[in-house]
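In: what follows is a protein structure lacking sequence information:
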């Protein structure tokens, strides 16, 4: 495994919701969690994946002709891929005249990523922005992440890491030394519910949030508000109590109302979007959450 390469599924320029100022956001592919509400389901697998939009397909067959493994065929339901034959070489995607086929993920080395970051430096300087490493889970790619963080630090580029903190203590400590700001996801305080909706325990996550506070790291907590999952008063109060007890100067919480924007991406991936029992929070639900967090002397905003 090349420790200085990783799979990147997107690089977003002029991002304004991933930290202060105008930012470049680098999205690493692969995540330890499998959140049922994930709006970037293509970020979960650490491998390259094929995405197909049936509505765009005109049956041109150029993708079939481009495939060296005879993995594609045209059916009444559109192009179908034989996953046993498909090697994800990616030749079908550029051959498609309507971009009905896309390949999610590209192997990139740190030099290539750093070059793109440096090309945006003028916008960082003008806006007080910088680079944000997101995903997926960037801590899954700790070797290349640390290299990029150190290089950016030497160039005085502001560094943000957007993470769920499901990682070892050693990785968190190493990354914290090279990071200016963390954006930390807090999904649920109940461990069993956390396992139910994300596939993993929250014990390590809560320990690492405490660790960031002990390290005097700068961080913002981001909580997805999903009615039917984590907006009940009991969970919100436990979340607020936990955060209020941290020795944490910023004490900033961003509430992120859930939207089912990931549904179409699941269709493209051919995966199942299990959204039963998950709903967008009502205005009253959001107001209740704001009131609870403010009652614990936390700085609350909707969005972020």
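Out: Noted; the coordinates are in hand. The model shown is predicted, which means the values in this text are computed figures rather than measured ones. Residues are numbered from 1 along each chain as shown.
In: neighbours of residue 224, just the number please.
Out: 22 (other C-beta atoms under 10 Å). Where C-beta positions appear, they are placed from N, C-alpha and C, glycine not excepted.
In: and what of residue 194?
Out: 22.
In: same deal with residue 288?
Out: Close neighbours of residue 288, defined as other C-beta under 10 Å, add up to 17.
In: and for residue 204?
Out: Residue 204: 17 neighbours (other C-beta under 10 Å).
In: can I take it that residue 85 is in a strand?
Out: No - read with DSSP: H, G, I helix; E, B strand; the rest coil, residue 85 is coil and lies in no strand.
In: now residue 148, what's its secondary structure?
Out: When classified by three-state DSSP, residue 148 comes out as helix.
In: which helix or strand in the protein has the lowest average pLDDT?
Out: helix 263-269 (a mean of 83; mean pLDDT, DSSP states H and E).
In: state the helix or strand in which the residue nearest to residue 165 when sequence neighbours are not counted lies.
Out: In this structure, residue 165 finds its nearest non-sequential neighbour in residue 208, 3.9 Å apart by C-beta to C-beta, 6 or more residues apart in numbering. If you go by DSSP states H and E, residue 208 is part of helix 203-214.
In: any buried residues in that helix, and which?
Out: Applying a neighbour-count criterion of 16 or more other C-beta atoms under 10 Å, one finds 204-206, 208-209, 212-213 buried in helix 203-214.
In: circling back to that earlier point, which SSE is immediately downstream of the least confident helix or strand of the chain?
Out: Note on helix 263-269: by DSSP H and E, the next helix or strand toward the C-terminus is helix 283-295.
In: now for the helix or strand just after that following helix, which elements pack on it?
Out: Downstream of helix 283-295, the next assigned helix or strand under DSSP H and E is strand 299-302. Other elements packing on strand 299-302 under the criterion 3 or more C-beta pairs under 8 Å, 6 or more residues apart in numbering; DSSP states H and E are strand 252-257, helix 283-295.
In: in strand 299-302, what counts as buried?
Out: residue 300.
In: any idea how far that strand is from the middle of the chain?
Out: Its chain's average C-alpha position is 20 Å from that of strand 299-302, according to C-alpha atoms, centre = their mean, to the nearest Å.
In: also stretch 256-263?
Out: 13 Å.
In: same thing with stretch 52-70?
Out: Using C-alpha atoms, centre = their mean, the offset of stretch 52-70 from its chain centre is 29 Å.
In: same question, stretch 179-188
Out: Put simply, stretch 179-188 sits 11 Å off its chain's centre (C-alpha atoms, centre = their mean).
In: can you get me the start-to-end distance on that stretch?
Out: In stretch 179-188, first residue to last residue: 25 Å (C-alpha to C-alpha, to the nearest Å).
In: so where's the chain uncertain?
Out: Across the chain, the ranges flagged by pLDDT under 70 are 1-3, 274-275.
In: and it, what are its domains?
Out: What the record gives for the chain is the domain set 5-46+110-302, 49-104, from automatic domain parsing.
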